[in-house]
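J.: Could you look at this predicted model? Sequence included:
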Amino acid sequence: MIALLCVAWTCAAQNKIALAATKQQTQQEAKPDSKMNAKQMTREVIDETGRHVAVPVNVQRIVTLAPNLTEIVYALGAQDRLVAVSNYSDSPPEAKSKPHIGLPMNPNLEAIVAAHPDIVLITTEGNRRETADELARLGIAVYATNPYSVESMLESIEHIGGVIGATAQAESVVANLRQRLNALQSKLASVPVARVFFVVGESPLISLGEHTFIADALRYAGAQSVVRAKQDWPQISLEEVVRLNPDYLVFASSDFGGEDSTAKQLAELRSEAGWRELAAVRQGRVVVVSDEIDLPAPGLVDAIEKLARQLHPNVFEDGAQHASLRRLAVFVPVRAHLQNAVSQDSCREAFACAR
Amino acid sequence: MSAHGMPAPNTGRDAATGWMQNPVHLVVEQASYAYSTSDRDAPDFTLGPVTFSARQREIVGILGQNASGKSTLLRLLSGEFKPLSGRVELDGKSPSQLALRERAQRIAMVHQESTLMFPLRVWEYVLQGRYPYGRRLRFENDGDCLMAENALAQVGAKALLDRRMDQLSGGEGQRVILARALAQQPMLLLLDEPTQHLDIGGKVELMRRLRKLAEENRYTVVVVTHELNLAAEFFDSIVLVQRGKCLASGKPADVYRRELLEQAFETELDVEMNANGRPRVILRGGEETEIADASAETPKEPQ
Amino acid sequence: MRPLTPRRIVAICALLAGVLFIVVVFSLQVGAYPISVSDVAMTLVRGALGHWNSIPSSDRLIVFGLRLPRIALGILVGAALSVSGASFQALLRNPLADPYVLGVSSGAALGAILALVWLPQFPWAMQGLAFLGALATIAAVYFLGRRKGQLDSTTLLLAGIISASFLSAIIMFLMTTVSGRDLRGMAFWLMGDLGTAPAIGLGFLFFVLLIGIGAIYTTSSDLNLILTGEQEAHHLGVNVPRVKLVVYVSASLLTGLAVSVSGAIGYVGLLIPHVMRMLFGSDYRVLIPASAIGGAIAVALADTLARTVVAPTELPVGAVTAAIGAPVFIYLLRRRFA
């Protein structure tokens, strides 16, 4: 062992020059200025899980450990400061080209450290507490979000905006989202609530509990889950679904293609023995939404709007004449603020037109 | 080995010749034992009082049917079981009261069969016999190696030294197992059905070897066996057990009486005397004998 | 005849320690963030000399903050699992015995999960209950594995496999019914994960494991004899009940601790003792230390693979040991026990 150590030592001595070169390189990568300055100036904040975090005042390098956080950082226009993201960060599409740090459940700590983050954003919905503890042990600032409802998701956006120094953008993004949600609320106030069965996974059949943010999102879309479970992701038997007799079946799909995917899903269900007995399937009341509804990020509001439109087509009938405008209302604001909130006003105008 | 040289308390002279006689070494007096599954229940199996004694250089055979109590008696002798009543003494000491290691220095047990899970060299196996001599976590010294080599030489298995245990034939394996017992340098050598897996030549060879070992090493040897005729030919005394009771003990010529053996083995047979004064058993066949279904009544002897 | 000498044990251990050292250097060097051998060596030497400030901060964080603790945890867990596997094989006289196969790992995992559910505020509760879970499981398997008062190797293995699936069912039940986000990481932890530093600290873990391995080592001469049969061992002067108690308790302690800090990592306890037997013979006086270091090498290497094969995504180390262990085991089985 000692001999081996000696060999290692000699090797190191011989490679001194090479080493010096490498070191320089690493330092360049590390942007030492921001790192050093940030170290000097931190402020203490309390994150959404009650942890005390010393956050650098001047956040220059952000790492996100879950897709929804990536989306939020893009929405806040801070994508240039985003140095690494978790796998599956594919919204917006340009996030795919960012360096990856592994799965949210098990990120590669080395890759995170190597990215020299000023702050790491994590979420209780997808990350493990151990990851936060480990990073904190290494002296890295970790801000944890805890999105349990649509409202708390909006608050998370504001909090993240505050932490990374994008308060103004966060406020305008949230104001915009709130406005859209309020508009939806007032529209749906008069219609009866749709009783839906939300399918999270098909085999085994998994739905959602009362305390998930999807359950909350359903409420915003004028719907309510027929499943009442304390557990977050309960496994449900098909028999139970028959007994609950939902008005609608709602599926979340990653390859969401509007009408086509709904028709395809319906055809599939009608060919399956158990499913085709359901009243909702027989009467074609099957809805497919984008899996953005699964993600506590601004895109969730898009998904809520689309879902509401499918569940309550009568309420939105007047909008059918202005199909093009309606589409604007749905897509433009989101894409606009994703593009660094080019013009908040134009969004609002578009939205007002749709109404 | 110092204990071997010590005079035994019950030294005596042979009344006929007047010479100093080989002292009585192993004393079993009215010893009994009972198994029970729990304290309250009646015993499942009892071994009734057994009495016999043996001197150095003597071989005692324990004969009886399966589940008659032979192995229980052997375990009483080994000190593994403490007699319920009566006494078992080896060289004046009760084996069940000796410390485990001390006991292993005096008594060696050769088991029926030894299944090995992992490959072991013959020399490693024989060296295990040196375990009772030394501290718990110990390493064998040159003396131990010498003992092991001598033990292997005594059973004529020195050539097997570097072979693997699982590659030995039945007879070779038996000899190596015996060598491990010899490496213990015991006073009392106990063997539980050692002839079970041997062919006829091997059985006779083993008996000759035991005879020789008993002479050379001054062992007292106790053998549990089914081999009536080999026992009569080679052993000095016989203990006959049936269903947990000791039917008889003494010299083969005294014990091998037709009615006793018929009772012990629950079959009809004849006994003849050889020219050398040793009895010979002839099993009867072909005649009309009643085949009794005894299996249901026979009490089970736990292993 | 070449009786085992302390000198030979030291030589074998030194050889294995050398291999372990090379593995550690290799593991320190590879990962998602590339660091050259010379950088690793420089970092280590500077660290050893106390020149902390001269080390580039990211190198320091990655080498000392991440890789070294993780490798150290892998070494400790590997040694514990391998030694407890070797001990179970001797006591149960069964070459297929291993904490994973016997369900002892599952018992420990259930204990750890119960501690997380009931007593999340005490860091030691997890280790304690994992130990008790392991102990209870091995006791149950031992008694279920007896037929007519004799330990029957097939019955024993069946009892182990059945206990493991029964305990897994309870774990599944807990994981689906107990709500709370902390339990979600468990599925991951159950596959074996070395990425989280133990709450009790590496130093303390090392100390307790050393006591456990040391206790088993004091019985290594006895285990040699028990291998040829309990009765035979008794008649050779071994206090069999005492040895069994010491080894069962110590092996359960090792398994419980290993599982509580890293989840259930399979095949290490089964394979490493076999490989060491083939290399150095089946004398437990050398097999115990050789298995300890061999297990350390195996888990350190497996975790390095887990970190690097599909980097930056990390695999659970249990998946790597199973993926490598199962085929190697089949090979050994066909070669040795056919």
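T.: Cool, got the structure. Numbering: from 1, shown residues only, chains lettered A, B, ... in the order given.

J.: what about residue C:202, how many residues close to it?
T.: Neighbourhood size, residue C:202 [other Cβ atoms under 10 Å in any protein chain shown]: 16. Where you see a C-beta, it was placed from the backbone N, CA and C, and this is true even at glycine.

J.: Low-confidence bits of chain A, can you list those?
T.: Low-confidence segments of chain A, defined by pLDDT under 70: A:1-40, A:254-259, A:318-355.

J.: Now do the strands in it.
T.: A:42-46, A:52-56, A:62-64, A:82-84, A:119-123, A:142-145, A:194-199, A:223-225, A:248-253, A:286-290 (DSSP state E).

J.: got a markdown table for the ones you listed, with distance to chain C too?
T.: Formatted as a markdown table, the strands of chain A follow (distance: least, Cβ to the nearest Cβ, whole Å):
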| stretch | distance to chain C |
| --- | --- |
| strand A:42-46 | 16 |
| strand A:52-56 | 15 |
| strand A:62-64 | 12 |
| strand A:82-84 | 9 |
| strand A:119-123 | 10 |
| strand A:142-145 | 11 |
| strand A:194-199 | 18 |
| strand A:223-225 | 16 |
| strand A:248-253 | 19 |
| strand A:286-290 | 24 |
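
J.: Let me know which of these is tucked in deepest.
T.: strand A:62-64 (a mean of 29; mean count of other Cβ atoms under 10 Å in any protein chain shown).

J.: what about the stretch 151-300 of chain B, any weak spots by pLDDT?
T.: B:285-300.

J.: what residues does it put near chain A?
T.: For the stretch 151-300 of chain B, the contact set with chain A under Cβ under 8 Å from any Cβ of the partner chain is empty.

J.: Please name the residues that touch residue B:284.
T.: B:267, B:268, B:269, B:270 (Cβ atoms under 8 Å, 6 or more residues apart in numbering or on different chains).

J.: can you do 6 Å?
T.: Counting by Cβ atoms under 6 Å, 6 or more residues apart in numbering or on different chains, residue B:284 makes contact with B:268, B:269.

J.: still on that earlier bit, with distance to residue B:56 added, can I get the strands of chain A in TSV?
T.: Compiled in TSV, the strands of chain A are given as follows (distance: least, Cβ to Cβ, whole Å):
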stretch	distance to residue B:56
strand A:42-46	88
strand A:52-56	84
strand A:62-64	85
strand A:82-84	86
strand A:119-123	82
strand A:142-145	82
strand A:194-199	88
strand A:223-225	91
strand A:248-253	90
strand A:286-290	96
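
J.: Would you check that residue B:258 makes contact with residue B:271?
T.: Yes: in terms of Cβ atoms under 6 Å, residue B:258 counts as a neighbour of residue B:271; the distance is 4.9 Å.

J.: What segments of the stretch 101-250 of chain C are strands?
T.: C:146-147, C:150-151 (DSSP state E, counting those that start in this stretch).

J.: List just the one of these that sits closest to chain A.
T.: In terms of Cβ to the nearest Cβ, the element of those nearest to chain A is strand C:146-147, at 38.1 Å.

J.: From the contact counts, what lies against that closest one?
T.: Strand C:146-147 sits against no helix or strand, with contacts defined as 3 or more Cβ pairs under 6 Å, 6 or more residues apart in numbering or on different chains; DSSP states H and E.

J.: Just checking: what are the partner strands of it?
T.: strand C:150-151 (antiparallel) (DSSP bridges).

J.: helices or strands next to the helix or strand where residue C:46 lies in the packing?
T.: Under the criterion of DSSP states H and E, residue C:46 resides in helix C:37-49. On a contact count with 3+ Cβ pairs under 6 Å, 6+ apart, helix C:37-49 meets helix A:2-14, helix C:6-29.

J.: show me where the stretch 101-250 of chain B has helices.
T.: Assigned by DSSP state H, counting those that start in this stretch, the helices in the stretch 101-250 of chain B fall at B:122-127, B:142-154, B:170-183, B:200-217, B:228-234.

J.: Residue C:322 and chain B, how far apart?
T.: Distance, residue C:322 to chain B, by Cβ to the nearest Cβ, to the nearest Å: 24 Å.

J.: How many residues are close by that residue?
T.: For residue C:322, using other Cβ under 10 Å, the count is 19.

J.: any idea which element it lies in?
T.: Counting by DSSP H and E, residue C:322 is part of helix C:317-336.

J.: Can you give the contact residues for that helix?
T.: C:191-192, C:194, C:265-268, C:271, C:274, C:302-303, C:305-306.

J.: before we move on, back to that, make a markdown table out of the helices of the stretch 101-250 of chain B and add mean neighbour count and distance to residue A:147.
T.: Output for the helices of the stretch 101-250 of chain B, formatted as a markdown table (neighbours: other Cβ atoms under 10 Å in any protein chain shown; distance: least, Cβ to Cβ, whole Å):
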| stretch | mean neighbour count | distance to residue A:147 |
| --- | --- | --- |
| helix B:122-127 | 24 | 65 |
| helix B:142-154 | 18 | 72 |
| helix B:170-183 | 23 | 71 |
| helix B:200-217 | 16 | 81 |
| helix B:228-234 | 20 | 87 |
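
J.: Skipping its backbone neighbours, what lies nearest the residue sitting nearest the centre point of chain A in space?
T.: What sits nearest the mean C-alpha location of chain A, by Cα atoms, centre = their mean, is residue A:68, with 2.0 Å. Take residue A:68 and drop its neighbours on the chain: the residue closest to it by Cβ to Cβ, 6 or more residues apart in numbering or on different chains is residue A:297, 3.9 Å away.

J.: ranges for the helices of the stretch 1-150 of chain C?
T.: Using DSSP H, counting those that start in this stretch, the helices found in the stretch 1-150 of chain C span residues C:6-29, C:37-49, C:57-60, C:68-91, C:104-118, C:123-144.

J.: Just name the most buried of those helices.
T.: helix C:68-91 (a mean of 28).

J.: Spell out which parts of chain C neighbour chain B.
T.: Taking Cβ under 6 Å from any Cβ of the partner chain as the criterion, the neighbours of chain B within chain C are C:1, C:3, C:5, C:93, C:95, C:218, C:221, C:225, C:228-229, C:232, C:235-237, C:239, C:282.

J.: and if we set it to 7 Å?
T.: Contact residues, chain C versus chain B (Cβ under 7 Å from any Cβ of the partner chain): C:1, C:3-6, C:93-95, C:149-150, C:218, C:220-222, C:224-225, C:227-229, C:231-232, C:234-237, C:239, C:277, C:282-283.

J.: got a list of what the residue of chain B found nearest chain C touches?
T.: In chain B, no residue comes nearer to chain C than residue B:104, which is 3.3 Å away by Cβ to the nearest Cβ. By Cβ atoms under 7 Å, 6 or more residues apart in numbering or on different chains, the contact set of residue B:104 is B:132, B:184, C:235, C:236, C:237.

J.: Quickly note the distance from it to residue C:264.
T.: Applying Cβ to Cβ, to the nearest Å, the value for residue B:104 to residue C:264 is 40 Å.

J.: Residue A:219 now?
T.: Applying Cβ to Cβ to residue A:219 and residue C:264 gives a distance of 41 Å.

J.: Repeat that for residue C:334.
T.: Computed as Cβ to Cβ, the residue C:334 to residue C:264 distance reads 26 Å.
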